[in-house]
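Novice: Need a 3D model of the following:
(chains A and B)
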Amino acid sequence: MAEEKAPDTKHHSGADREPNEIIQEYIKFEKIKYYPVELTGDIEVPKLTPDALVMVKPQLLTSKEVLARLGYPENGLRPDWKEVFLAKMDEILKKYRSVKLFLDICVRCGACTDKCHYYLGTGDPLNMPVARQELMRRVYRRYFTVQGRLFGSKFVNGEELSEELLAMWYTYFYQCSECRRCSVFCPYGIDTAEITMAAREILNSVGLVQKYLHEIIDKAQVIGNNLGMQQNAIVNALEFVQDELIETTGVEDIRIPIDEEGADVLFVTPSADFFASPHIESLYGYAKVFHQAGISWTMSTHASEGGNFGLFIHNYEHMKKINKRIWDAARELKVKRVIGGECGHMWRVLSSYSNTMFGPFDYLDPKYPRPQHICEFTLDLIKRGALKIDKSANEEFTVTMHDSCQVARGLEMGGTEFGQFEIPRGVIKGVCDKFVDMPEHTIRERTFCCGAGQGLLGDDMLATRVKGAMPRMQAYHYVKKNNGVNFLALICAICKAQMSKMLPTYGFPMEEVGGIHQLVGRAIVLGAKEGI
Amino acid sequence: MGGIKFIIDMGLSSLVYAAIFIFAAGIFYKVYFEYYKTPQPLKIPQTPQPTDSFGVFLRMAGDVLFFRSLAKGTKLLFVAGWLFHFTFLLLLIRHLRYFIYPVPGIVTMFNKVSLLIGIVMLLSMIVLVVRRFLEERVRYVTLLADYFVLFLIMAIVVTGIMLRHEPFRPDVTAVKAFIMELMSPTTPLKLLTMEPAHAPTCFMFVTHLGLVCLLLIYFPFSKLVHSVGYFFSPTRNMVNNPRSVRYINPWDKG
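Specialist: Numbers count the residues shown, from 1 in each chain, chains lettered A, B, ... in the order given. Below you'll find the model as predicted:
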């Protein structure tokens, strides 16, 4: 590639360098200092600050073994990347109506320009959803429209492929957390997440594979969970949790069952719940709910992960392979129900996509949603009085709830349009006396992403994460100041990991973050069963 | 003079037919081959989304008729955008009087307010243009093409308003006769034998119609396809019931 030797090129080593060499220079990873802003409680729309966050480059995946397993180029950017790039883009345009349509119909009205948390946090113009999409649309107009092919990129505001453009893609499509907030305000429902997913898969196909996200996709396929825990490690961790539970509750027969055939319920949850903090507190909560409800349940070492990072790129096969473990386990263990724990994107894949990929689930009990969310399950028990609740156990807390993006804008809960907002809140109100919502424009369908969703949770992305968390931190600060809120309830493992890092960064105590089932676990009175 | 008139008649008739053909074929190609035939592998409605198809129909009607999604954001854009589209629709209906004989009552109802409608439309478009220019963020994302289409439609509206007044006023019966003649199935054939329909001798009318043809030709290749594209938007047109009704990925249908 790059045969012509231009003497006047700005890279003095000449234009005959390999594309990989050029791109490596553009996207060199550097540690970046980050500074949280002073919180005021208001979210102000910043002035345009070009290149505010252009220097954040995610780390590249370089392990050849992993790349080979994932089916991506092993030696960095391919020398023939332009052909591969266009072929992949063409394939995606033909396979995903969402991408094709969304590239076509945007009118650049600007309704989305101040809606992205990364834009609000940085003022970087390329973090405006429409500008982010335009990075792809420029290529689309040049190579995939009649007028672009006939008259060239100048005429259609297109752009020729270049390493520089590729570097912009790699930078800014990893500054989108696919949270879909912009799409709420779009008159046509253009979903930047779909564009980002496509862009990431195109980048993968030419050899620019982001490390954090794709390492996890690999681990989930090869080992079975995102953390890469082997089966015996899972068993150990869960036995430890069980011992803890018995010790702290004094209840002898409370259990975390593992791989128990014939249990009623297969429970899947993100593997972080097994030992990370505050995630593990929710695991205690789940176990207590199952115990007190008297429903036999089991976790699975095969399906030891609920999360499915395959969602974050338009690569159906990865997502399907990761999801398959759950349904294999459900059949093997002969369960009647599948219930999912607290996790945002997991819930979307599990409930929105599983049915398409591995349904129909006629081997599961049709009396219950297939699959069911733990909040649906718990709220139902609370409403029926099947759990004995002592709200005073949560007396010290004034709680607010952060709607997870993938749950809030993903799909129904409880079979109703607004269930995904009401049901988790119902659970909280069922176990706590004091609940206050954050300002209206930061919750429910307009909720802000935690700032680290969909593959941006790596340490290399800390600068992005701190900036992107700003809107949520402002909203939290607002209710803390005005209503004395001191607990941020979450229903997502990524939110939990991100928030327990961001709260201290923005000057709040870390203990104020926790799962909804952490609150449930505290309030349940174990012991004498009242039956259901 | 006869020569020039013949050239104008020929040119204008051909342009009208060509524009209508490109518009219709282009939109058909877009809708059928690019939107309808392109599979949507997974259910991606954007919640809150109704859980039954009638609810989805209502939601989409709300989006199309009242711009409800847009109304959640900037109010200025919502008001200006909605007024522009609504007045555009009213004026399209009003133009039916040139295509239908006898003219239906609903169309003649507009007689008194049509000038007002035109002015409101023009003002709302001025707001849209100025907003693009003044609002920092929108200016950043605006392309030349975005101004082009705004100015093109504004030129159509301005020539349209001028046509109502002397000295630009054409003979309305001649206009109607011209359009009715264009609509007759034998007229395109007569083009081949060099017997075009007779266009009214009015420069402003020829300009107005020419600009409309330009818009029609430009339409399928531009962002204007948002008008038909919206109905295929998977975040808006999919029912929110992935658990209760299994969605089949079109890829798997073989």
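
Novice: which parts of the one helix or strand in chain A whose mean pLDDT sits lowest are buried?
Specialist: One helix or strand of chain A scores below all others by mean pLDDT, DSSP states H and E: helix A:153-156, with a mean of 85. By 16 or more other Cβ atoms under 10 Å in any protein chain shown, the buried positions in helix A:153-156 come out as A:153, A:156. C-betas here are computed from N, CA, C, even on glycine.

Novice: Select the longest helix from chain A.
Specialist: Secondary structure of chain A per DSSP state H: the longest helix is helix A:231-249.

Novice: would you list every one of the helices in chain B?
Specialist: Along chain B, the segments classed as helices by DSSP H run B:2-28, B:53-66, B:68-71, B:75-94, B:105-108, B:114-134, B:136-141, B:144-162, B:172-183, B:187-192, B:203-218, B:226-229, B:234-237.

Novice: Highest mean neighbour count across the ones you listed, which stretch is it?
Specialist: Among the helices of chain B, the stretch with the highest mean neighbour count (mean count of other Cβ atoms under 10 Å in any protein chain shown) is helix B:234-237, at a mean of 22.

Novice: elements contacting that helix?
Specialist: Contacts defined by 3 or more Cβ pairs under 8 Å, 6 or more residues apart in numbering or on different chains; DSSP states H and E place helix B:234-237 against helix A:97-105, helix B:53-66.

Novice: With mean pLDDT as added columns, please give these in TSV.
Specialist: Output for those, formatted as TSV (pLDDT from 0 to 100):
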stretch	mean pLDDT
helix A:97-105	95
helix B:53-66	95
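
Novice: Kindly reformat the ones you listed as a markdown table containing distance to residue A:520.
Specialist: Shown next, in a markdown table, are the helices and strands packed on helix B:234-237 (distance: least, Cβ to Cβ, whole Å):
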| stretch | distance to residue A:520 |
| --- | --- |
| helix A:97-105 | 36 |
| helix B:53-66 | 32 |
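
Novice: Could you list the low-pLDDT ranges of the chain?
Specialist: Using chain A. Within chain A, the segments meeting pLDDT under 70 span A:1-15, A:528-532.

Novice: Oops, wrong one, chain B.
Specialist: Confidence mapping of chain B against pLDDT under 70 gives the ranges B:1, B:254.

Novice: And the helices and strands packed on helix B:234-237: which comes nearest residue B:155?
Specialist: Residue B:155 lies closest to helix A:97-105 among the helices and strands packed on helix B:234-237, at 23.9 Å (Cβ to Cβ).

Novice: touching chain B at all, that closest one?
Specialist: Yes - contact of helix A:97-105 with chain B (Cβ under 8 Å from any Cβ of the partner chain) involves A:97-98, A:100-102, A:104-105.

Novice: Quick one: residues in contact with the helix or strand following that helix.
Specialist: With elements assigned by DSSP states H and E, the helix or strand that comes after helix A:97-105 is helix A:117-122. Outside helix A:117-122, the residues that touch it by Cβ atoms under 8 Å, 6 or more residues apart in numbering or on different chains are A:43-46, A:49, A:52-53, A:113-114, A:124-125, A:127-129, A:175-177, A:179, A:181, A:448-449, A:451, A:464, A:466-472.

Novice: right, and the helix or strand after helix A:117-122?
Specialist: As assigned by DSSP H and E, the chain's next helix or strand after helix A:117-122 is helix A:129-144.

Novice: which helices and strands does that following helix pack with?
Specialist: Using 3+ Cβ pairs under 8 Å, 6+ apart, the elements in contact with helix A:129-144 are helix A:81-95, helix A:97-105, helix A:146-151, helix A:153-156, helix A:163-172, helix A:192-206, helix B:136-141.

Novice: Would you mind putting the CA coordinates of the third one into CSV?
Specialist: In other words, helix A:146-151. The C-alpha trace of helix A:146-151 is given here as CSV (Å, rounded to 0.1, in the frame of the first residue of the first chain):
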residue,chain,number,x,y,z
VAL,A,146,-24.8,7.4,-6.2
GLN,A,147,-23.9,11.0,-6.0
GLY,A,148,-20.8,10.3,-4.0
ARG,A,149,-19.5,7.7,-6.4
LEU,A,150,-20.2,9.9,-9.4
PHE,A,151,-19.1,13.3,-8.1
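
Novice: any idea how far residue B:240 is from residue A:415?
Specialist: According to Cβ to Cβ, to the nearest Å, residue A:415 and residue B:240 sit 10 Å apart.

Novice: got any residues that touch both of the two?
Specialist: residue B:51.

Novice: okay, those two: which has more neighbours?
Specialist: residue B:240 (27 against 13; other Cβ atoms under 10 Å in any protein chain shown).

Novice: For burial, what's the neighbour tally of the residue lying closest to the more buried one once chain neighbours are set aside?
Specialist: Spatial nearest neighbour of residue B:240, excluding adjacent residues (Cβ to Cβ, 6 or more residues apart in numbering or on different chains): residue B:49 at 3.9 Å. Look at residue B:49: counted by other Cβ under 10 Å, it has 25 neighbours.

Novice: which ones are touching residue B:49?
Specialist: By Cβ under 8 Å, 6+ apart, the residues touching residue B:49 are A:412, A:417, B:56, B:59, B:236, B:238-240.

Novice: let's go with 10 Å and repeat that
Specialist: A:189, A:409-412, A:417, A:445, B:43, B:55-56, B:59, B:235-241 (Cβ atoms under 10 Å, 6 or more residues apart in numbering or on different chains).

Novice: quick one: residue A:299 and residue A:231 touch, right?
Specialist: No - at 11.7 Å, residue A:299 does not count as touching residue A:231 under the criterion of Cβ atoms under 10 Å.

Novice: which neighbours do the two share?
Specialist: Overlap of the contact sets of residue A:299 and residue A:231 (by Cβ under 10 Å, 6+ apart) consists of A:258-259.

Novice: more neighbours, the two?
Specialist: Neighbours per residue (other Cβ under 10 Å) separate residue A:299 from residue A:231, with residue A:299 holding more: 28 against 15.

Novice: Backbone dihedrals for the more buried one, please?
Specialist: For residue A:299, the backbone dihedrals (degrees, to the nearest 10) come out as phi -100, psi 170.

Novice: Identify the bridge partners of it.
Specialist: With DSSP bridges applied, residue A:299 shows beta-bridge pairing to residue A:258.

Novice: Can you give me the distance of the residue lying closest to residue B:85 once chain neighbours are set aside to residue A:409?
Specialist: Among residues not flanking residue B:85 along the chain, residue B:67 sits closest, at 7.7 Å (Cβ to Cβ, 6+ apart). According to Cβ to Cβ, residue B:67 stands 20 Å off from residue A:409.

Novice: swap in residue B:169?
Specialist: 54 Å.

Novice: Please enumerate the strands of the stretch 301-450 of chain A.
Specialist: Here the stretch 301-450 of chain A has its strands, by DSSP state E, counting those that start in this stretch, at A:337-340, A:372-373, A:399-401.
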